[in-house]
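In: fold the following and give me the result.
(one chain, ligands or ions: 1)
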Amino acid sequence: MSDFSPGQRWISDGETELGLGTILTVDARAVTVLFTASQETRTYSARQAPLTRVVFGPGDCIDTADGDRLTVERIEERDGCVIYHGHTDDTASVSLSEAKLSDSMRFHQAQDRLLTGQVDRNDRFELRYRSLHHHQRIARSPALGLAGPRIDLIPHQLYIADEVSRRHAPRVLLADEVGLGKTIEAGLILHRLLLTGRASRALILVPASLTHQWLIELLRRFSLSVTLLDEAQSEAFDEDNPFDSGQCILASQEWLFANPQRQRQVESAQWDLLIVDEAHHLDWSPQAEGPGYACIERLSKRIAGLLLLTATPEQMGLESHFARLRLLDPDRYHDLERFREEESGYTAVAEAVEALERLPGEAADHDRLGAILDDSDSRALLETLLDAESDAAQQDSVRRQLREQLLDRHGTGRVMFRNSRRHVGGFPERHLHVASLAMPAVYADQFDELRQGNDHFAARLTAADLGTRDARLYPEATYRALHDAAVQSDTPWWRFDPRVEWLIGQLDTLGSRQKVLVIAHWRQTAVDLAEALRVRAGIQAPVFHEEMSLVERDRAAAAFADDDSGCQVLICSEIGSEGRNFQFCHHLVMFDLPWHPDLLEQRIGRLDRIGQLHPIDIHVPVIERSPSATLLRWYHDGLAAFEAPHAAGGDVLEAFGDALRESLDDDGLDGNGSLDSLIEETRTFNDARLAEREAGRNRLLEWNACRPERADAVINAVVEQDNDSALPRYVDQALDVFGVDSRDLGNGQMHLTPGSHMIDSLPGLAQGDEGFTVTYSRTRALARDDIQRLSWEHPLVTTVMERILDSSLGNTALALLKHPNIPGGRLMLELIFRTHCPAPRRLQLGRFLPDTGVRVLLDESGANLSDKVTFSGLSRNLQRVKKGVARELLKSRHDTLRELLKKGEQEAQRELPTLIERAQQEMREALDLELSRLRALARHNGAIRDDELQALNDERQALDVAIEGASLRLDAVRVIVTVDKDAR
Ligand SMILES: Nc1ncnc2c1ncn2[C@@H]1O[C@H](COP(=O)(O)OP(=O)(O)OP(=O)(O)O)[C@@H](O)[C@H]1O
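Out: Okay, here's the model as predicted:
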């Protein structure tokens, strides 16, 4: 059938994009072909036309010019042309002349491409096979989504990320103590959800001061590029919704919360996940809710996933904390009083967990557990534990199950994750250095006036919006309120405030190589202080506060961070510096003290965070006998607040705030004994509250916040991927196939650049890009921000895989096999089938049945050699063939190939039931376990939302149906032709 006849359909070997051609004319020397789809006509030499005849066979599906699809049952040849007989999708019988085939029919399927002579290079076929193999392997890994990010493997973070990202629509409060990595945890959760398709759109709302820090962390650590949206950019969208401009949008809370029009837009966009940083600012009380809370509350009702981040959940009071839990789960947290009462039961739960470790032991321990375990399956487990017949291994397993159940079913643990320094360990010590300074006369007069309650004085303070408490704690602010800075004769406060003199001396003593972070409560104090250092000592100190633009703020932080040319000191305001990373410095000057213990901890947390290598030196200059001196003593002696994070600061302030405020009024100045007794009472209260919390709530929170065995299992899986030697091999092959140049820089690093023959642009590697340096080593990548870490989850690798598996690249090949024991002239066919299982992305079907490859190797007689000859073993012995030769070979063996293709399909189908069964079993085990756990939890504390249970049920059913419907499709095929060993 290779002789040309008008009306026949042929395809151009070199220009398949022209579509299906029709022979117009033919004579002894030339053949003219019309490619209707591309409106091109070509004339070729009749003897050497680079054309392949297109003839389909029984079972093939073909597109007709009328837009139908025809399944071929039989073919008939008439006058050199083919008539296809078959049926359409609606089962009508049809006969179709080949002239009526669709002109734009494309040949993507492996079989069609092979039979129309379109063969790819052998290395592309091999890369395709390996892509499928690794893709399915990685999709099943417990490290999926957690192994790629450039982070240290810190157990509590990986535990939380793993636990939260497994849940359907996770809604949690990430409340680790300051600086323990909540941003990293949120990034890991987001990364996994995006990678697995459980989320595709995320909104991240953070204080303005943190937008760039988030942007950079997400990019550098997670290779996630998010769109940073502000008002200027939003205006460019006119009528369109700016929140639709990217997959992940990062925006400042201040901007959104102040802008009702943008709030309407954000609410009308579709989101899967909302992340809110520094969520303690979302203020709520039974009387009123802040605009931020109201905005997040509306969003939280529309968005399935919600992560709230705060290190100080109770900074705005217990009510406000409760209100944030209510955002996460309104069904569970609907009654504030009940919430308060529940806390009194936590000690009993914690005792039961501990009693469990001692079982089978004393009767009192049985009772402790019996009082908490009130459902039949838990009691049955308890019986097993108490049964004298059960062996140690059984007991261990039951003990573990019961412990999990107790921790799961009681407390806020499921909604709230809080790790503490004490529990995580390895943090540096904190040293307090107090400098007592003499009271300047101006301040002494001010304090007198304050005590006397002078009306005129009070009016000035009111006009300056300065309350009496703050007027006492911040004398420079009082001075500013009383003195007009515009009047030249008024001396600025920093001329006589002894703290300024002290600071200049301190900076000099520490030397310019020691970085010092100064935090002052007020923005204006920070600004004045910078001027004071410049005027009085010639020191350039950048300032960092809430009213600076983002660019100015980042510039200031960068000037401070720079090791070589950087400034020695950065002066921050209280709010301006919240959440920022300054752990490269270890001297903190508290120019004054904040009123709330949580703010004190937030200040120290700028330095005392993961990555801090030195003990923290906290310097506090305090004016003798001033209200600040009183507050300092209260913090230090009453709360020990400088040494370690205090666990109950909010409660203590609630109990003693009024008395402390009164002490500021009088006691700090005349030193009578009432301050001593206040401190004593504070200490007693604090100790008691701590003991109570340690016995109950904190213990439950900590046990729940990190379960070491699970964390270890995740870390092991990540390390296994880190050490996977298949990755460098795969990447080398992929770079080669895609035409990316790589230069070895030594030290485990290589530089990648787009090669001149790149077949497709890749992330960061489009023509003209400079490329980038990569390493496989986590340690090296962590030490160098400018080097990217290659992993199975790096965008370069995932894009390569997607490009290959979503296209026809490498889905056909032909190679020669020269082997001493195999005679020449024989055919073999290597077929790669792939599971096909359409399901919505959100089902994350890949957890159970990722695209799975089934390889079948047949010899010419149809014997199945798959188990005898491995893919790698065969590949090693294969040789390339020129494309023209390959085409000729294929043309000459069409019929045999068709037979083998059919046989291969039958062989592969045999494997399908096993694949389906295994996937269903895994899915059912995982989801049934989760369902029964959730049902039991729901009976116990109502912490489970009904829709969560229902969703899991629906998910299980949908997965069951989807897996049941899985089929196998031919993904790639390689023809192997054996040649005599002496052949050349
Ligand atoms: N696993 C990790 N690997 C490397 N660096 C980390 C890791 N975890 C945290 N860090 C670094 O430690 C610092 C603190 O982390 P992060 O900002 O996530 O803490 P946080 O709990 O959100 O802090 P805050 O309470 O101040 O908001 C950051 O500089 C972060 O990059």
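In: now the residue in the stretch 1-150 of the chain that the ligand sits nearest to: phi and psi?
Out: In the stretch 1-150 of the chain, the residue that lies nearest the ligand is Arg150 (7.8 Å; CB to the nearest ligand atom). C-beta here means a position set from N, CA and C on the backbone, and glycine is covered the same way. Arg150 adopts backbone torsions of phi -90, psi 80, taken as degrees, to the nearest 10.
In: OK, contacts around it?
Out: 220-222, 778, 781-782, 788-789 (CB atoms under 8 Å, 6 or more residues apart in numbering).
In: can you say which of those are buried?
Out: When those are checked for burial by 16 or more other CB atoms under 10 Å, the buried set is 221-222, 778, 781, 788-789.
In: and which of the residues you listed is nearest the ligand?
Out: Arg221 (6.9 Å).
In: just how off-centre is the host helix or strand of that closest one within its chain?
Out: Using DSSP states H and E, Arg221 sits in helix 211-222. Centroid displacement of helix 211-222 relative to its chain, using CA atoms, centre = their mean, to the nearest Å, is 11 Å.
In: just the C-alpha atoms of that helix, please, in PDB.
Out: Provided in PDB are the C-alpha atoms of helix 211-222 (Å, rounded to 0.1, in the frame of the first residue of the first chain):
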ATOM      1  CA  THR A 211       5.000  41.000  53.400                       C
ATOM      2  CA  HIS A 212       8.500  41.000  51.900                       C
ATOM      3  CA  GLN A 213       9.800  38.600  54.500                       C
ATOM      4  CA  TRP A 214       7.000  36.100  53.600                       C
ATOM      5  CA  LEU A 215       7.500  36.700  49.900                       C
ATOM      6  CA  ILE A 216      11.200  35.900  50.200                       C
ATOM      7  CA  GLU A 217      10.700  32.900  52.500                       C
ATOM      8  CA  LEU A 218       8.100  31.400  50.200                       C
ATOM      9  CA  LEU A 219      10.400  31.800  47.200                       C
ATOM     10  CA  ARG A 220      13.700  30.900  48.800                       C
ATOM     11  CA  ARG A 221      12.600  28.100  51.000                       C
ATOM     12  CA  PHE A 222       9.600  26.700  49.100                       C
END
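In: by contact count, what packs against the helix or strand just after that helix?
Out: In the C-terminal direction, the helix or strand that comes right after helix 211-222 (DSSP H and E) is strand 227-229. Using 3 or more CB pairs under 8 Å, 6 or more residues apart in numbering; DSSP states H and E, the elements in contact with strand 227-229 are helix 211-222, strand 248-252.
In: just checking, what packs against the shortest one?
Out: Counting by 3+ CB pairs under 8 Å, 6+ apart, the packing neighbours recorded for strand 248-252 are strand 202-206, helix 211-222, strand 227-229.
In: now do that strand against helix 211-222, angle only.
Out: Orientation check (axes from the mean of the first three to the mean of the last three CA atoms, to 10 degrees): strand 248-252 against helix 211-222 gives 150 degrees.
In: what's the angle from strand 248-252 to strand 202-206?
Out: Using the same axes, to 10 degrees: strand 248-252 against strand 202-206 is 20 degrees.
In: for the next helix or strand after strand 248-252, give the mean pLDDT please.
Out: Next helix or strand after strand 248-252 toward the C-terminus (DSSP H and E): helix 253-257. On average, the pLDDT along helix 253-257 is 95.
In: okay, how far is it across stretch 417-428, tip to tip?
Out: 23 Å (CA to CA, to the nearest Å).
In: what separates that stretch from the chain centre, distance-wise?
Out: Its chain's C-alpha centre and that of stretch 417-428 lie 22 Å apart, by CA atoms, centre = their mean.
In: kindly report the same for stretch 439-451.
Out: 54 Å.
In: go on, stretch 73-93?
Out: 53 Å.
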